[in-house]
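can't give you the sequence, but here's the structure:
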């Protein structure tokens with residue numbers, strides 16, 4: 001694409017006529033027509049005016065060079081996918097807890113895990129197709145928050161099953177810790193949960 005084609009493409013993208021562009025730049029419509037047909041080339045002053053008007057760089061108009069900022073804007077922000085993923089994880093956890101609290105069925109755990117799996121997948125997609133400059137920050141923020149969400153159900157399942165086994169009964173499959181044998185084991189479960197998440201967050205912060 002040469003300068004003539006770029007001017008024409010920018011004009012059409014903005015949805016204006018040659019006459020309207022001519023008025024903005026301060027030339028005749030015929031001058032714009034000649035620029036777009038390649039019969040003549042705008043001087044540097046007119047190029048600067050058009051770069052401001054079309055919100056592109058002069059390098060793009062003259063040489064077709066796209067700045068890093070423009071390239072970044074064309075790519076998706078990985079942070080958006082992290083936000084969507086976090087929303088799915090939070091919703092999955094809440095739905096799982098509320099459903100089990102009301103019905104006490106193991107399927108409530110499965111539903112929550114499936115929704116949270118979608119959340120993790122959303123984050124992973126952002127890490128693949130998102131702009132490189134946004135991936136590191138998005139990844140850090142995602143794990144700082146979601147470590148607390150993603151650890152909760154698996155840890156609760158392990159605790160409930162072990163607590164039931166050592167207590168001489170079948171542990172219930174629940175998405176949150178249940179008070180089974182004693183307050184001590186119940187407290188140890190929560191202490192383990194907070195310990196894993198806090199240590200994990202400190203590791204992520206130190207690593208970054």
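Perfect, I can see it now. Keep in mind that this is a model prediction, so the values were computed, not measured. Numbering: from 1, shown residues only.

okay, CA-based contacts and neighbour counts for the rest of this
Fine.

Residue 13: neighbour count?
Here the count is done by other CA atoms under 10 Å, and residue 13 has 10 residues near it.

Check the offset of the helix or strand where it lies from the chain's centre.
Taking DSSP states H and E as the definition, residue 13 sits inside helix 3-14. Using CA atoms, centre = their mean, to the nearest Å, the mean C-alpha position of helix 3-14 is found 32 Å from that of the whole chain.

Same question for stretch 171-180.
Between the centre of stretch 171-180 and the centre of its chain there are 33 Å (CA atoms, centre = their mean).

Can you tell me what sits against that stretch?
Stretch 171-180 has contacts (CA atoms under 8 Å, 6 or more residues apart in numbering) with 93, 96-97, 100, 104-106, 108-109, 152-154, 156-157, 159-165, 167, 186, 189.

6 Å instead, please
Identification of contacts with stretch 171-180 by CA atoms under 6 Å, 6 or more residues apart in numbering yields 97, 106, 109, 153, 156, 157, 160, 161, 164, 186.

mean confidence for stretch 41-51?
Mean pLDDT, stretch 41-51: 93.

So which bits of it are buried?
Across stretch 41-51, burial judged by 16 or more other CA atoms under 10 Å covers 41, 42, 47, 48, 50, 51.

Ok, stretch 150-164 next?
So for stretch 150-164, counting by 16+ other CA under 10 Å, buried means 150, 152-153, 155-164.

and those as TSV, adding secondary structure and pLDDT?
Compiled in TSV, the buried residues of stretch 150-164 are given as follows (DSSP: H, G, I helix; E, B strand; the rest coil; pLDDT from 0 to 100):
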residue	secondary structure	pLDDT
150	helix	97
152	helix	97
153	helix	97
155	helix	96
156	helix	95
157	helix	94
158	helix	94
159	helix	94
160	helix	93
161	helix	90
162	helix	91
163	helix	90
164	helix	87
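
List of residues touching stretch 143-150?
Here stretch 143-150 has contacts from 197, 201, using CA under 6 Å, 6+ apart.

and if we set it to 7 Å?
86, 89, 90, 197, 201 (CA atoms under 7 Å, 6 or more residues apart in numbering).

My read is that residue 62 contacts residue 3, right?
Yes - Residue 62 is in contact with residue 3 according to CA atoms under 7 Å; the separation is 5.8 Å.

quick one on the thing from earlier: now, which of the buried residues of stretch 41-51 sits nearest residue 139?
Taking CA to CA as the measure, residue 139 lies nearest residue 51 of these, at 35.1 Å.

tell me the contacts of that closest one?
Per CA under 7 Å, 6+ apart, neighbours of residue 51: 57, 58.
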